Structures are given as C-alpha cells and as structure tokens.
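1. using only what follows, build the 3D model:
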Amino acid sequence: MDLSTRYLGLTLKHPLVPSASPLSHTLDSIRRLEDDNAAAVVMYSLFEEQITHESNELDHYLALGTDAFGEALSYFPDFEQFHLGPDQYLALVRAAKEAVDIPVIANLNGVSTGGWIKYARMIEEAGADALELNIYYIPADPAMTGAAVEEMYVNIVRDVKANIDIPLAVKLSPYFSSIANMAYRLSVAGADGLVLFNRFYQPDFDLDTLEVTPNLELSTPYEMRLPLRWIAMLYGRVQVDFALTTGVHSHLDVLKGLMAGANVTMMASELLRNGTGRIPAILADLRAWMEEHEYESVQQMLGSMSQQHVAESSAFERANYMKVLDSWRPDSSGVG
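-> Have a look, this model is predicted:
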C-alpha cells in the first residue's frame with residue numbers, strides 16, 4: 001500500500017505532518033516526531049516582531065502612553081517570554097536538518113517585508129526544505145479597505161518568493177470576502193502551496209487584574225469542516241498544493257482531507273493532547289481503512305470528492321446549504 005504524497009515539491013512517505021506548534025521547540029522533540037514516523041515537521045513560528053525587536057523600535061512605541069493606558073499594554077507580550085530569538089531559530093533549523101532525515105519546513109509569522117525577507121533567505125541558507133508564511137494580520141483600521149489588505153498579502157508573497165529558491169507555502173485565514181480569488185492571486189504571486197486555515201486565537205479579559213490574558217483552546221474535529229469545504233472547491237481550480245490544518249484528529253479526518261484534495265493533513269492539537277505516539281496509531285487505522293475499502297494508494301483518492309467536475313460550484317454549495325438546513329429534526333423528546 002502506497003501512502004506517499006507530494007507536497008511543495010517534496011516526496012513525503014505519508015500525508016500526516018505535525019503543524020507549527022510547541023512540538024518543534026527543541027531538537028529532542030523534533031527527533032521524537034521523526035521517531036514516531038512524522039512525514040515532515042513544520043517548525044514553530046518565528047515572529048516578525050522578534051526580528052524587529054533587536055532594533056528596540058517596537059519597545060519604544062509600546063512604551064508610549066504607559067501611564068495613561070497601562071491595561072492596554074497587556075495586549076502585547078514581553079519579548080523575553082518568546083522561546084527563541086531569530087539567531088537561535090536559525091541554529092535550530094540547522095541542527096534539525098543535521099539530526100533528522102524528514103523534511104524541515106520553517107515558519108515565518110508577520111505582516112510586512114523588509115527585514116523579514118532577509119530572514120527568509122537566512123532560513124533557506126540554514127537548510128530548510130521549504131518555508132511556510134503565516135500572515136497573521138487583523139485589519140483594525142476602519143479606513144483600511146479589504147482591497148488594501150488583499151494587496152498587502154499578495155505583495156508579501158511576491159517579495160518573499162522573489163528572494164528565495166525553496167518552495168513557499170502561505171497559511172491563510174478564512175476571512176477574505178473571496179477566498180477563491182485570494183487563493184488564485186497568491187498562486188500567481190508565487191505561492192507553491194496554501195495551508196487552510198489559520199486559527200485566530202482570541203484573548204480574554206481578567207476583570208480582577210484588568211489584564212488581557214491569553215486563552216488557547218485546542219481544536220476540535222468540527223473545525224475541520226471549513227478548510228475541508230474550501231479545499232474541495234479550490235482543488236483543480238487553483239494550481240497549488242493544499243495542506244489542510246485545523247481539526248485533524250483521526251484517520252477519518254485524514255481521509256476526508258485527501259478526498260477533498262489536500263496533499264497533506266496537518267495536526268497539532270491531537271498530538272499535544274495525546275502525544276506524538278498518535279501518529280503511528282492513526283497511520284495504522286488509515287492503512288486498515290484503505291485495505292478494507294480496496295484503496296491501493298493515497299493518490300487514488302486525492303481529490304476524489306472535490307468539486308472540480310461541478311460546472312457551478314456556488315450552486316452546488318447552495319444546494320448543500322439547503323440540504324443541511326432541512327436535515328434537522330426534533331428529537332424524540334419533542335424539544336424544538
């Protein structure tokens with residue numbers, strides 16, 4: 001049985017890849033992922049702010065108004081809390097490439113170019129097999145148009161791609177007015193792959209301390225439906241590789257992602273909850289399901305449930321929307 005797949009020009013032994021998370025914070029944990037049969041590893045994010053922090057410019061602006069708006073400053077992290085700085089990040093990429101045989105995909109998180117491009121090149125020189133751009137941007141300025149936000153994304157991808165030779169993936173949020181058009185524009189700008197979707201983590205307020213507190217909740221399988229839907233609609237229409245992330249917890253989730261058209265499915269929450277030993281267990285379940293249903297390879301099922309053969313995908317989606325709304329029935333208790 002052939003579980004191999006291709007992603008960003010890389011041949012992977014199977015389609016299960018640990019996504020960017022604390023699982024890649026140390027060389028030992030990266031080795032453990034390889035030992036537990038991960039197909040590749042996406043490094044945790046190096047943030048643009050970590051790079052620019054060296055100039056102390058960000059500290060200057062964050063400190064403005066401290067006396068008047070002390071509570072608001074708790075939105076911003078103490079940079080000493082970051083796990084590693086940019087130089088240490090590059091050193092870990094080099095060490096990982098020497099220590100493991102699986103592909104190492106670096107991850108940059110930011111919203112601009114400039115110095116960021118410099119580190120994209122340095123990550124390539126450190127030996128990374130590919131680069132994932134996690135463009136995490138919340139347009140809070142009421143004067144900023146959606147078109148301006150989209151253009152910013154496209155420009156970042158175009159500029160980074162022009163300065164590196166390794167494959168480039170872009171991790172997107174689901175909040176564009178036209179995801180299909182953004183996917184197409186990013187592919188034209190040079191993206192080799194799209195990772196759907198980024199999760200926007202929402203902070204909470206501590207009313208006792210009047211501080212903004214982080215509130216990380218791990219994903220659930222239900223969250224997979226949104227990226228599953230969009231990969232199924234984009235497969236065959238936008239010429240990039242797709243990675244499905246968010247909500248992948250079992251072999252059934254992997255199968256659904258593949259049939260929608262994802263080249264790989266990325267997992268973090270399940271591994272953080274239950275350990276990296278889940279990887280071989282999920283792969284065993286995947287093989288058993290494929291054998292029972294007489295599949296000989298991953299390629300045989302790739303995109304088999306996508307909408308590429310549907311003449312009008314929006315009409316198809318509205319038909320499904322109507323079916324979903326009509327599918328609810330009151331339970332036996334009569335509660336409605």
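2. quick one: contacts for the residue nearest to Ile231 when sequence neighbours are not counted?
-> Distances taken as C-beta to C-beta, 6 or more residues apart in numbering place Ala260 nearest to Ile231, at 4.5 Å, with adjacent residues excluded. C-beta coordinates here come from the backbone N, C-alpha and C atoms, glycine included. Ala260 makes contact with Leu228, Arg229, Ile231, Ala232, Tyr235, Leu244, Gly303, Met305, Ser306 under the criterion C-beta atoms under 8 Å, 6 or more residues apart in numbering.
3. helices of the chain, residue ranges please.
-> Applying DSSP state H to the chain gives helices spanning 27-35, 48-52, 57-63, 86-99, 115-125, 146-161, 179-189, 225-234, 251-260, 269-274, 278-292, 298-301, 313-327.
4. list the helices and strands the fourth one packs on?
-> The elements that helix 86-99 packs onto, with contact taken as 3 or more C-beta pairs under 8 Å, 6 or more residues apart in numbering; DSSP states H and E, are helix 27-35, strand 41-47, helix 48-52, strand 104-109, helix 115-125.
5. in its sheet, what does the second one sit against?
-> In other words, strand 41-47. Its sheet considered, strand 41-47 pairs with strand 104-109 (parallel) by DSSP bridges.
6. tell me the average confidence for the strand it pairs with?
-> Averaging pLDDT along strand 104-109 yields 94.
7. what's the ChimeraX line that selects buried ones from the contacts of Ala260?
-> Those of those that meet the burial criterion (16 or more other C-beta atoms under 10 Å) are gathered into one ChimeraX selection, given here:
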select :228,229,231,232,235,244,303,306
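8. could you find the closest non-adjacent residue to Phe205?
-> Excluding the flanking residues, the one nearest Phe205 by C-beta to C-beta, 6+ apart is Val212, at 6.2 Å.
9. over to Glu223?
-> Excluding its sequence neighbours, the residue lying closest to Glu223 (C-beta to C-beta, 6+ apart) is Gly247, at 3.8 Å.
10. tell me the phi and psi of that neighbour?
-> For Gly247, the backbone dihedrals are phi 90, psi 10 (criterion: degrees, to the nearest 10).
11. correct me if wrong: it contacts Arg229.
-> No: using C-beta atoms under 8 Å, Gly247 is not in contact with Arg229; the gap is 11.7 Å.
12. and Thr276, how many neighbours?
-> Thr276: 20 surrounding residues under other C-beta atoms under 10 Å.
13. contacts for stretch 166-174?
-> 8-10, 105, 124, 128-136, 153, 157, 160-161, 179, 182-183, 186, 190-198, 200, 226-227, 230, 241, 243, 245.
14. what subset of those is buried?
-> Buried members of the contacts of stretch 166-174, scored by 16+ other C-beta under 10 Å, are 8, 10, 105, 124, 128-136, 153, 157, 160-161, 179, 182-183, 186, 190-198, 227, 230, 241, 243, 245.
15. okay, now the unreliable bits of this structure?
-> Along the chain, the parts satisfying pLDDT under 70 run over 48-84, 112-115, 201, 215, 309-317, 319-321, 324-325, 331-336.
16. 90 instead, please
-> Scanning the chain with the threshold set as pLDDT under 90 gives 1, 45-87, 109-119, 135-141, 198-206, 209-222, 307-336.
17. can you tell me how far the residue lying closest to Leu226 once chain neighbours are set aside sits from Pro203?
-> Once flanking residues are discounted, Leu226 sits nearest to Pro174: 5.7 Å by C-beta to C-beta, 6+ apart. Going from Pro174 to Pro203 by C-beta to C-beta, to the nearest Å gives 19 Å.
18. please consider this matter closed, and thank you.
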